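Trainee: how would this look folded up:
(chains A, B, C and D)
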2 protein chains.
Amino acid sequence: MCAATQEPLRPLTSEEEAFMRTLVKVITTLPRAIDHDMTHDRQLPLVEYLTLMHLSEAPDRRLRMSALAEAADLSVSGMTRVVARLETQGLVKRVKCVNDGRGWNAVLTDDGYARLQTAWPSHLNAVRRRLIDHFDGVDLDEYTRVLQRVAGACSSR
Amino acid sequence: MCAATQEPLRPLTSEEEAFMRTLVKVITTLPRAIDHDMTHDRQLPLVEYLTLMHLSEAPDRRLRMSALAEAADLSVSGMTRVVARLETQGLVKRVKCVNDGRGWNAVLTDDGYARLQTAWPSHLNAVRRRLIDHFDGVDLDEYTRVLQRVAGACSSR
DNA sequence: TTTTATTGCTTGCCGAGACAAGTACCCCGG
DNA sequence: CCGGGGTACTTGTCTCGGCAAGCAATAAAA
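Mentor: Residues are numbered from 1 along each chain as shown, chains lettered A, B, ... in the order given. You can find the predicted model right below:
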């Protein structure tokens, strides 16, 4: 059970160590930088942007609160508050589910869709400048496959 | 100035898009998973662990508050509070600088060093299981170089 | 030397988000 | 039809961490 005894405790190689430390830096720095860019450029923080984005891609531009939380990697209560913020700006509205009286759909409004389109260039630019531009000449698909395995290992207990 | 007009607004390719989304997932998921592992295994959250780690690697096991904040990618005030938490547990103590009456050194105590050694296996295990194990057969050094460029682009304005 | 600007750290205040408790609703067995 | 357990979301409460203001101490200027 105790993690310490599951493995023979071979330390990381120096390459592994260097990689891990650099990744830690990127993990702490990259979201801050992109959020900073977007917030100062178009006044739409990253979490809000991603939430609108997920809605815009959903059928009928609507998603159950729990599904939206899942998509955005947020707790359900966290998403309640994000949607509350977006609702006060008129970008999203909450509509009671027809089939299930317990459930609510977050629905992207036309204003919300317009807002998303306005913010998109800013997002795109930030992602390019901070991230994608630095991947010239590497096999992105291979990276994606590896990262998918990592993401899988992180969602399991 | 406006990011939207700097570039011709070429959208991301589908490979770039997929990569970015997977990375977002890893960025939100991986620290949570490692922190979860460490907190439940040895009661030492990731931020605290990394702080002790940086101290242990510094000459004389001590570092100015600002240097420590920088190393851990935290604001100075954030580090004040982390060190305060560690100090109440006796893992770190704050010592006034001799040369500069304004400055303080965070010094790793013997208890702190012992605590770090205790937590290390748990950290190592989490990092392997959640991250490193999934990089078989890829060129880690290449990844590290790319990530260093990204990190550089994230610390610049 | 006295004044002023700068630096290093801490504290007050606030927003974000996680967890747990609460509320409303569904569904199933009787 | 009713009661009890499960589900969907919200709200109360907490911790974390960022920013800006405050407080010393140093450095620079007068």
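Trainee: now do the contacts for A:A153.
Mentor: Each residue near A:A153 by Cβ atoms under 8 Å, 6 or more residues apart in numbering or on different chains is listed here: B:33, B:129-131, B:133-134. Where C-beta positions appear, they are placed from N, C-alpha and C, glycine not excepted.
Trainee: which of the helices or strands spans it?
Mentor: If you go by DSSP states H and E, A:A153 is part of helix A:140-155.
Trainee: the longest helix in chain A is where?
Mentor: helix A:14-42 (DSSP state H).
Trainee: list the buried ones in that helix?
Mentor: A:16, A:18-31, A:33-38, A:41-42 (16 or more other Cβ atoms under 10 Å in any protein chain shown).
Trainee: follow-up on the earlier one: so which bits of the helix holding A:A153 are buried?
Mentor: So for helix A:140-155, counting by 16+ other Cβ under 10 Å, buried means A:143-144, A:146-151, A:153-154.
Trainee: same check, this time on stretch A:57-70
Mentor: Buried, per 16+ other Cβ under 10 Å, within stretch A:57-70: A:58, A:61-65, A:67-69.
Trainee: for the closest residue in space to A:G78 that isn't next to it in sequence, what are its contacts?
Mentor: What sits nearest to A:G78 in space, not counting adjacent residues and going by Cβ to Cβ, 6 or more residues apart in numbering or on different chains, is A:A69, at 6.8 Å. A:A69 makes contact with A:75-76, A:78-79 under the criterion Cβ under 8 Å, 6+ apart.
Trainee: in strands, which of the buried residues of stretch A:57-70 appear?
Mentor: Among the buried residues of stretch A:57-70, the members found in strands (DSSP state E) are A:62-64.
Trainee: any chance of CSV for these, columns pLDDT?
Mentor: Listed next are those as CSV, based on pLDDT from 0 to 100:
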residue, pLDDT
A:R62, 98
A:L63, 98
A:R64, 98
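Trainee: so which of those comes closest to DNA strand D?
Mentor: Ranked by distance to DNA strand D (Cβ to the nearest atom of the strand), those are led by A:R64 at 3.7 Å.
Trainee: OK, contacts around that closest one?
Mentor: So A:R64 contacts A:97, A:103-106 (Cβ under 8 Å, 6+ apart).
Trainee: and A:I27, by the same measure?
Mentor: Going by Cβ under 8 Å, 6+ apart, the list of residues near A:I27 reads B:26-27, B:30-31.
Trainee: could I get those as JSON lines with distance to A:T88?
Mentor: Listed next are the contacts of A:I27 as JSON lines, based on distance: Cβ to Cβ, whole Å:
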{"residue": "B:V26", "distance to A:T88": "32"}
{"residue": "B:I27", "distance to A:T88": "28"}
{"residue": "B:L30", "distance to A:T88": "32"}
{"residue": "B:P31", "distance to A:T88": "30"}
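Trainee: quick one on the thing from earlier: using ChimeraX, define a selection of the buried residues within the contacts of A:A69.
Mentor: Typed into ChimeraX, the line below selects the buried ones among these, using 16+ other Cβ under 10 Å:
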select /A:79
